[in-house]
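# Next comes the sequence, and after it the predicted model I'd like to discuss.
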Amino acid sequence: MPDSLLSIIDALQDRKIMIIGDMVADVYLEGKIARISREAPVLILEHAGETVVPGGAANAVHNAATLGGRVYAVGVVGNDSAGSELARILSEKGVVTDGLIVDASRPTITKTRVMAGGQATVRQQVVRIDREAKTPLNSAIEAAVLDYIDKHLPAMDAVVMSDYGSGTVTAAVIAQVVAGCRRANIPCIVDSRYNILAFTGVTVVKQNETEAAAAVGLKALDDHTLIAAGEKIRDHLAAQAVLITRGPDGMTLFDAQGQITNIPVTNKSEVYDVTGAGDTVVAAMTLALAAGASYLDAARLANFAAGIVVRKPGTATTTPEELREAVASFYENRH
């Protein structure tokens, strides 16, 4: 087992994958607590810095690039500083960003977190300000996205649709991607927060427990309803595999042959921050499938990748070196 996973890590390098979805700029505004305002009972923060981190589908892009993939990012950004900064950060990682279509009529989706702390205190999030257009993509922008997908998809090893519910992954995009991946005979992976049942014909579905429960009309899943939900989603979408991530309970993989495999977490003790771990799972699993791994090996590798990023603060990434180390030490400790 460890040898097969280690050989997959070597094979991830330079696999071409296209990631289409809602590109988000996570902005962290840092402030030092100075005093209480005289105008209202609120803190006054002295501006101490600002950082932009790729979020949403851009986090999946960032993760896939850090793992060594040759990534084509496809989405919509505004004609603003958040959009250009996002494109700059991804370009520096070697991502092909020509597919980030600029729409001057809508802002880049931004989630600005105001972080406050003192000299000897832990920084805490005080407030979050979200900015995004709620209107559907206009037809010219959608046509530009579809045109880019049409031109570049045949050269890919795999395609991801990362749908955070912000309108980039339209019905026309889904139809074109599913048909294009069939023609090219490559895997198509979807991660959709609110609308998974719209993705009929995809190869692999990734959902967390809450999303899977909502998709089948339940508030939460237990061991029994988890199996029913996974099989229902797989059958409804005619997918080859469904991967449901379950936080501290690991992951469960459902394949087209009716096989159900529980994959336990690789580290229970060191969870620091689960933000963005789902994007890491999608990136690692997609690259592994692009490299020819089985669904089960791809899911196992993704599980190791998630186990690394939850030890890091915020939307984090992992490297091939960290992945090799995690796989090797896990199997050494078991013997």
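All right, it came through fine. Numbers count the residues shown, from 1 in each chain.
# Distance check, residue 196 against residue 204.
Residue 196 sits 12 Å away from residue 204, going by Cβ to Cβ, to the nearest Å. For every residue, glycine as well, the C-beta is placed using N, CA and C.
# no, scratch that, I was asking about residue 229
Distance, residue 229 to residue 204, using Cβ to Cβ: 16 Å.
# now swap in residue 323 and tell me
Per Cβ to Cβ, residue 323 is found 19 Å from residue 204.
# Looking at those two, which one has more neighbours?
Just comparing residue 323 and residue 204: by other Cβ atoms under 10 Å the higher neighbour count belongs to residue 204, 27 against 23.
# residue contacts, residue 30?
47, 48, 49, 50, 51, 115, 123 (Cβ atoms under 8 Å, 6 or more residues apart in numbering).
# Please enumerate the strands of the stretch 51-200 of the chain.
Assigned by DSSP state E, counting those that start in this stretch, the strands in the stretch 51-200 of the chain fall at 70-77, 100-102, 109-117, 124-131, 158-163, 188-192.
# does residue 213 belong to a helix or a strand, and which?
Per DSSP states H and E: residue 213 is located in helix 209-215.
# So which residues make contact with the next helix or strand after that helix?
Past helix 209-215, further along toward the C-terminus, the next helix or strand under DSSP H and E is helix 223-237. Helix 223-237 has contacts (Cβ under 8 Å, 6+ apart) with 196-197, 199-202, 205, 207, 209, 212-213, 215-216, 218, 221, 239, 241-242, 244, 246, 252, 254, 256, 258, 260.
# Give me the neighbour count for residue 23.
By the criterion of other Cβ under 10 Å, residue 23 has 34 neighbours.
# sec struct for residue 328, please.
Put simply, residue 328 is helix when judged by DSSP: H, G, I helix; E, B strand; the rest coil.
# Could you check how far the closest residue to it other than its chain neighbours is from residue 253?
Nearest residue to residue 328 in three dimensions, chain neighbours excluded: residue 2, at 6.4 Å (Cβ to Cβ, 6 or more residues apart in numbering). Distance of residue 2 to residue 253, given as Cβ to Cβ: 19 Å.
# same thing with residue 308?
Taking Cβ to Cβ, one finds residue 308 at 19 Å from residue 253.
# Who has more neighbours out of residue 2 and residue 253?
residue 253 (23 against 15).
# list the contacts for the more buried one?
Contacts of residue 253 (Cβ under 8 Å, 6+ apart): 241, 242, 243, 259, 260, 261, 263, 295, 296, 299.
# Run a quick neighbour tally on residue 41.
Other residues close to residue 41 by other Cβ under 10 Å number 7.
# can you give me phi and psi for it?
phi -80, psi 70 (degrees, to the nearest 10).
# what's the answer for residue 292, then?
Dihedral angles for residue 292 - degrees, to the nearest 10 - are phi 100, psi 10.
# Setting the sequence-adjacent residues aside, check what's closest to it.
Counting by Cβ to Cβ, 6+ apart, the residue nearest residue 292 is residue 11, at 6.8 Å.
# how about the one you found, what does it touch?
291, 292, 293 are the contacts of residue 11 under Cβ under 8 Å, 6+ apart.
# Could you pull up phi and psi at residue 121?
According to degrees, to the nearest 10, residue 121 has phi -120, psi 160.
# In space, what's closest to it - neighbours in sequence excluded?
With sequence-adjacent residues excluded and distances taken as Cβ to Cβ, 6+ apart, residue 121 is closest to residue 33, at 7.9 Å.
# do the same with residue 216
Nearest residue to residue 216, sequence neighbours excluded (Cβ to Cβ, 6+ apart): residue 229, at 4.6 Å.
# The one you found and residue 210, how far apart?
The value you get for residue 229 to residue 210, if Cβ to Cβ is used, is 11 Å.
# Residue 51 now?
According to Cβ to Cβ, residue 51 and residue 210 sit 28 Å apart.
# and the gap between residue 109 and residue 56?
For residue 109 relative to residue 56 (Cβ to Cβ), the value is 7 Å.
# if I look at these two, which residues touch both of them?
22, 23, 24, 166.
# Dump those residues to TSV, plus secondary structure.
Below are the shared contacts of residue 109 and residue 56 laid out as TSV (three-state DSSP):
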residue	secondary structure
22	coil
23	strand
24	strand
166	coil
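# thinking again about what came up before, in PyMOL, how would I select the buried members of the contacts of helix 223-237?
Burial among the contacts of helix 223-237 is assessed by 16 or more other Cβ atoms under 10 Å; the matching PyMOL selection reads:
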select buried, resi 196+199+201+202+205+207+209+212+213+215+216+221+239+241+242+244+246+252+254
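# what about the residue nearest the centre of the chain, which SS state?
The centroid of the chain falls nearest to residue 279 when counting by Cα atoms, centre = their mean (2.1 Å). Put simply, residue 279 is helix when judged by three-state DSSP.
# where's it relative to residue 325, distance?
Computed as Cβ to Cβ, the residue 279 to residue 325 distance reads 21 Å.
# Residue 124 too?
32 Å.
# which one of the two has more residues nearby?
residue 325 (13 against 10).
# Looks to me like the more buried one is in a strand.
No - counting by three-state DSSP, residue 325 falls outside a strand, being helix.
# For residue 101, list the residues it contacts.
75, 76, 77, 141, 144, 145, 148.
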